[in-house]
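A.B. asks: can you look at this prediction? I've put the sequence above it.
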Amino acid sequence: MNFDREIEIRVEEIESVLKSYLPEEEGNPETDWAKTVITAMNYSVNVGGKRLRPLLMAETYRLFGGDGDVIKPFMAAIELIHTYSLVHDDLPAMDNDLYRRGKKTTWAVYGETMAILAGDGLLNYAFETALKVFGMPGNDAAKSAKALSILAKKAGIYGMIGGQTADIEAENLGEDVTLEHLLYIHKHKTAALIQAAMMVGAVLAGADDEQVGLIEQAAYDIGIAFQIQDDILDVTSNLETLGKPVGSDAKNQKTTYVTIKGIEAATQEQRAMSDHAIEQLRSLEKEGFQNEFLTALVRSLITRVR
């Protein structure tokens with residue numbers, strides 16, 4: 001398997017799915033007065049990205065034998081939710097970043113007020129998009145409802161928003177932030193959406209509760225490892241490679257895995273968590289479930305440079 005080529009193909013497929021679900025900017029009289037916010041929403045999505053969450057969702061769906069289009073609205077929805085979180089995260093009231101993925105952030109282009117509205121629009125439109133599954137051929141209403149429940153919870157106060165809250169409050173604690181506090185932030189702010197992505201893929205493909213629980217744990221490991229690598233890259237990378245300002249954690253006086261553990265120990269823990277996630281995915285092989293690309297994707301996260 002040529003992993004780099006395979007990931008290109010899959011990301012191209014995801015871009016096609018996203019494009020098919022984004023709101024039209026022209027030709028709809030009902031949205032004429034909302035055109036600016038729609039344009040800002042689409043700008044935010046179209047600046048690109050790794051598309052990791054819909055990728056993990058699709059590959060987990062394939063892992064459990066999923067084969068159909070019912071996964072597509074959820075793939076779009078998870079990326080819209082992720083994008084809205086970044087739009088708000090970049091705001092002056094949050095991280096005050098001017099660049100994201102090598103381009104101007106949404107607030108830097110459209111202003112703070114419109115960026116707030118664009119984020120709100122993306123979140124609402126994400127669930128509008130996911131709900132389209134109920135009108136699709138081959139939809140299983142019970143599975144779709146369960147998937148929606150997972151998506152909503154992991155994106156909300158028990159997931160990403162809860163983690164973002166803890167992250168903001170940690171800024172006022174300085175060196176008093178504990179590892180326990182930091183893990184809470186990473187579990188909820190970063191890992192929760194990765195868990196949502198993989199759990200939704202498993203549920204829609206028909207995985208049982210035990211298998212979904214295993215996927216949730218593996219996704220936790222993947223999410224924490226992914227965030228640790230983010231913390232490392234914020235120290236070791238540069239704007240040209242990363243596509244966003246480096247050193248923002250230090251600028252905002254954020255305690256990270258690197259500031260608590262150091263780069264060497266953080267790197268070791270990141271690799272251990274990635275290895276554990278792969279072991280969990282491999283354990284499904286005895287039940288006849290295997291996806292070599294998904295395993296390779298998880299392994300690639302520990303060596304990524306952006």
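C.D. replies: Structure received. Numbering: from 1, shown residues only.
A.B. asks: mind exporting the C-alpha coordinates of stretch 113-131 to PDB?
C.D. replies: C-alpha atoms of stretch 113-131 as PDB (Å, rounded to 0.1, in the frame of the first residue of the first chain):
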ATOM      1  CA  THR A 113     -18.700  39.600  14.700                       C
ATOM      2  CA  MET A 114     -19.100  37.800  11.400                       C
ATOM      3  CA  ALA A 115     -16.600  35.100  12.600                       C
ATOM      4  CA  ILE A 116     -18.700  34.400  15.600                       C
ATOM      5  CA  LEU A 117     -21.800  34.100  13.500                       C
ATOM      6  CA  ALA A 118     -19.900  31.900  11.000                       C
ATOM      7  CA  GLY A 119     -19.000  29.600  13.800                       C
ATOM      8  CA  ASP A 120     -22.600  29.500  15.100                       C
ATOM      9  CA  GLY A 121     -23.800  28.900  11.600                       C
ATOM     10  CA  LEU A 122     -21.300  26.000  11.000                       C
ATOM     11  CA  LEU A 123     -22.400  24.300  14.300                       C
ATOM     12  CA  ASN A 124     -26.100  24.600  13.400                       C
ATOM     13  CA  TYR A 125     -25.600  23.600   9.800                       C
ATOM     14  CA  ALA A 126     -23.600  20.600  10.900                       C
ATOM     15  CA  PHE A 127     -26.700  19.100  12.600                       C
ATOM     16  CA  GLU A 128     -28.900  20.100   9.800                       C
ATOM     17  CA  THR A 129     -26.600  18.200   7.500                       C
ATOM     18  CA  ALA A 130     -26.400  15.100   9.700                       C
ATOM     19  CA  LEU A 131     -30.200  15.000   9.900                       C
END
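A.B. asks: next, the buried residues of it.
C.D. replies: 114-119, 121-123, 125-126, 129-130 (16 or more other Cβ atoms under 10 Å). (Each C-beta comes from the backbone N, C-alpha and C, glycine too.)
A.B. asks: with stretch 177-186 instead?
C.D. replies: 177, 181-182, 184-186.
A.B. asks: which of those residues fall in helices?
C.D. replies: With DSSP state H as the criterion, helices contain 181-182, 184-185 from among the buried residues of stretch 177-186.
A.B. asks: circling back to that earlier point, and the buried residues of stretch 177-186 as CSV, adding distance to residue 11?
C.D. replies: Listed next are these as CSV, based on distance: Cβ to Cβ, whole Å:
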residue, distance to residue 11
177, 35
181, 34
182, 30
184, 31
185, 28
186, 25
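A.B. asks: any chance of JSON lines for these, columns distance to residue 153 and pLDDT?
C.D. replies: Formatted as JSON lines, those follow (distance: Cβ to Cβ, whole Å; pLDDT from 0 to 100):
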{"residue": "177", "distance to residue 153": "26", "pLDDT": "89"}
{"residue": "181", "distance to residue 153": "21", "pLDDT": "94"}
{"residue": "182", "distance to residue 153": "22", "pLDDT": "92"}
{"residue": "184", "distance to residue 153": "16", "pLDDT": "96"}
{"residue": "185", "distance to residue 153": "17", "pLDDT": "95"}
{"residue": "186", "distance to residue 153": "18", "pLDDT": "94"}
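A.B. asks: any chance of the buried residues of stretch 113-131 in CSV with distance to residue 61 and pLDDT as columns?
C.D. replies: Listed next are the buried residues of stretch 113-131 as CSV, based on distance: Cβ to Cβ, whole Å; pLDDT from 0 to 100:
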residue, distance to residue 61, pLDDT
114, 35, 98
115, 32, 98
116, 33, 98
117, 32, 98
118, 29, 98
119, 27, 98
121, 27, 98
122, 23, 98
123, 23, 98
125, 22, 98
126, 18, 98
129, 17, 98
130, 14, 98
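A.B. asks: hang on, the earlier thing: just the closest of the ones in helices among the buried residues of stretch 177-186 to residue 215, please.
C.D. replies: Distance to residue 215 across these (Cβ to Cβ) is lowest for residue 184, with 21.2 Å.
A.B. asks: pretty sure that closest one contacts residue 163?
C.D. replies: Yes: the criterion here is Cβ atoms under 8 Å, and residue 184 meets it with residue 163 at 7.2 Å.
A.B. asks: element containing residue 199, please.
C.D. replies: Using DSSP states H and E, residue 199 maps to helix 192-205.
A.B. asks: output the contacting helices and strands for the helix or strand following that helix.
C.D. replies: Proceeding N to C from helix 192-205, the next assigned helix or strand is helix 209-236, under DSSP H and E. The criterion is 3 or more Cβ pairs under 8 Å, 6 or more residues apart in numbering; DSSP states H and E, and the helices and strands that helix 209-236 contacts are helix 52-63, helix 192-205, helix 248-251, helix 257-261, helix 263-282.
A.B. asks: which among the ones you listed is found nearest to residue 32?
C.D. replies: Nearest to residue 32, of all the helices and strands packed on helix 209-236, is helix 52-63, at 30.2 Å by Cβ to Cβ.
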